[in-house]
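Chemist: generate coordinates for the sequence data below:
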Amino acid sequence: MAHYSHAKVLPADLSAPPMVKAWQARALVVAILFAVTAVVLAFVGGASGWDHLWRGYLVGLTLTWGFSCGGLLMLMLQYVTGGKWGLLLRRPFEAMSRTLWLIILYWLGLGLMLSRLYMWANPGLVKEGVDKGLINTTQFNAIEHCLQWKHPMLNVGTYWVVGAICFAIWFFYTSRLNAMSLQRDKDTLAATPYWIKKFENLSGFGIVVYSLTMTALSIYWVMSTDVTWYSAVYGLLFLVGQAYQVLAFAIIVALALSKVEPFKTILRGVEQYDLGKFTFAFVMLNMYIAFGQFLIIWSGNLPEEINWYMDRINGHWGIICTIDFFLHWLIPFSLLLSRDLKSNKTRLTRVCQIMIVAKAFDLFWLVEPSYKDAARNLHFSWGILEYIAVPVAMTALWVACFCWELQRRPVVQVNDPHLAEILEPEHAVA
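Modeler: Okay, here's the model as predicted:
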């Protein structure tokens, strides 16, 4: 006996459901509460509290930058590779990319803190470290040599020029891709091959340009917190890390939206499972690159390279490193091996939430030991809680902006060749 199933039909209203506005309101409340908490902690912690507030701000900037510009990266990657996953995640990616204006404001705020975060912006920090006994003679000589050798790049003037160029390029790609997406919606389905080729041509070169510009700012913002450190794959680590966190966030949004229309119609079990597999691939790639850098440097055992890892392993930092390993790689890797988990909305959401928390935790491990008072010296202070308060406040404000952007256009793109396929029933038995 034959059983026939009819294709599903999209609802007339494709706008973002009311829950998105509720998310926005809750995010704003969280942002305000944690911003107030951050200021209180700074006053309680004294000088150390304010120093950690600036460091927490750096982590918050880097994390939200990963969501915003990483959304642009994944949007271009989708246009180059194609596939049904783009129909599901394209609108969240676009909304993430359009929050670039907030990241620009965060970047301008970082510019006001350069003298407290970077030795290349304030050589007085080197003398301060020597006076406090945090920098010995060997370290002093190495720092002075690196400051002199890297000065053509690591100086305040170049910081502003390079940052402005990078943001101008990202703004061009963001505005162009988002504008073309709306133009494609207004065109006929017959024009799809033209649009596919146009998006591919712009995005293919855009991925290369973004990789280079993103590497430049990852060096300025994070790598240069320790002027003696260098790595040939540092930019690649951030590139893959951004895709890691963006994919996790986009899946959380898509699964939450699938509870109501119109996403309820288009998110089938097979596409959800494919998204889980895609996430698993980025978890493995992230793990491979990070471990590859560690293995090469550790086996080389060169004093000018290995100290960076020693600062992040000794003095109880090994505990943080171990937790980072479990949260960032082992737990997501192990859980995403399960076929049942990738088919379960609640469990897949939990894994993606762990991945985002792990990314923030990894940034803490990257940033805090770069400062001599914390290198090989993990210790509790009220100030260190800024690494929770400030990034949460900044991320919550970013989420509110993302929700606002998500409501500005339909959450499903109807002029897509994969739409007919994705509306087919999952189990049609002939």
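
Chemist: what about the closest residue to Phe34 other than its chain neighbours, neighbour count?
Modeler: The shortest distance from Phe34 to any non-neighbouring residue, by C-beta to C-beta, 6 or more residues apart in numbering, is to Ala393 (3.8 Å). The C-beta positions use only the backbone N, C-alpha and C, and glycine is treated the same way. Look at Ala393: counted by other C-beta atoms under 10 Å, it has 23 neighbours.

Chemist: Ala393 touches Ala35, doesn't it?
Modeler: Yes: taking contacts as C-beta atoms under 8 Å, Ala393 lies within contact range of Ala35: 4.2 Å.

Chemist: which residues touch the residue nearest to Phe34?
Modeler: 30-35, 37-38, 60 (C-beta atoms under 8 Å, 6 or more residues apart in numbering).

Chemist: what do you get for Asp226?
Modeler: Asp226 neighbours (C-beta under 8 Å, 6+ apart): 308, 311, 370.

Chemist: which one of the residues you listed is nearest Phe93?
Modeler: Of all the contacts of Asp226, Phe93 sits closest to Ser370, with 31.3 Å by C-beta to C-beta.

Chemist: can I get the contacts of Ala393 in TSV with neighbour count, distance to Gln139 and pLDDT?
Modeler: Below are those laid out as TSV (neighbours: other C-beta atoms under 10 Å; distance: C-beta to C-beta, whole Å; pLDDT from 0 to 100):
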residue	neighbour count	distance to Gln139	pLDDT
Val30	17	40	98
Ala31	20	39	98
Ile32	13	41	98
Leu33	14	40	98
Phe34	21	35	97
Ala35	17	35	97
Thr37	17	34	97
Ala38	24	31	96
Gly60	29	28	97
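
Chemist: residues in contact with Thr213?
Modeler: By C-beta under 8 Å, 6+ apart, the neighbours of Thr213 are 165-166, 169-170.

Chemist: so where is this structure shaky, pLDDT-wise?
Modeler: By pLDDT under 70, the low-scoring segments of the chain are 1-7, 427-430.

Chemist: residue nearest the centroid of it?
Modeler: Gly66 (2.6 Å; C-alpha atoms, centre = their mean).

Chemist: quick one: that one and Gln242 touch, right?
Modeler: Yes: assessed by C-beta under 8 Å, Gly66 is found in contact with Gln242 at 4.3 Å.

Chemist: on that earlier part again, which helix or strand contains the residue nearest to the centre of the chain?
Modeler: helix 18-81 (DSSP states H and E).

Chemist: which strands and helices sit next to that helix?
Modeler: helix 85-97, helix 100-111, helix 114-117, helix 156-186, helix 192-221, helix 234-257, helix 345-367, helix 386-406 (3 or more C-beta pairs under 8 Å, 6 or more residues apart in numbering; DSSP states H and E).

Chemist: tell me which of these is the most buried.
Modeler: Ranked by mean neighbour count, these are led by helix 85-97 with a mean of 25 (mean count of other C-beta atoms under 10 Å).

Chemist: distance from that helix to the middle of the chain?
Modeler: Counting by C-alpha atoms, centre = their mean, to the nearest Å, helix 85-97 is centred 15 Å from the centre of its parent chain.

Chemist: that helix to helix 156-186, inter-axis angle?
Modeler: 140 degrees (axes from the mean of the first three to the mean of the last three C-alpha atoms, to 10 degrees).

Chemist: contacts for helix 85-97?
Modeler: 67-72, 74-75, 78-79, 174, 177-178, 181, 246, 249-251, 253-254, 263, 266-267, 271, 274-275, 278, 402, 405-406, 408-413, 416, 418-419, 422.

Chemist: what do you get if the cut-off is 7 Å, keeping everything else the same?
Modeler: For helix 85-97, contacts defined as C-beta atoms under 7 Å, 6 or more residues apart in numbering pick out 67-68, 71-72, 74-75, 78, 174, 178, 181, 246, 250, 253-254, 266-267, 271, 274-275, 278, 402, 405-406, 409, 411, 413, 416, 418-419, 422.
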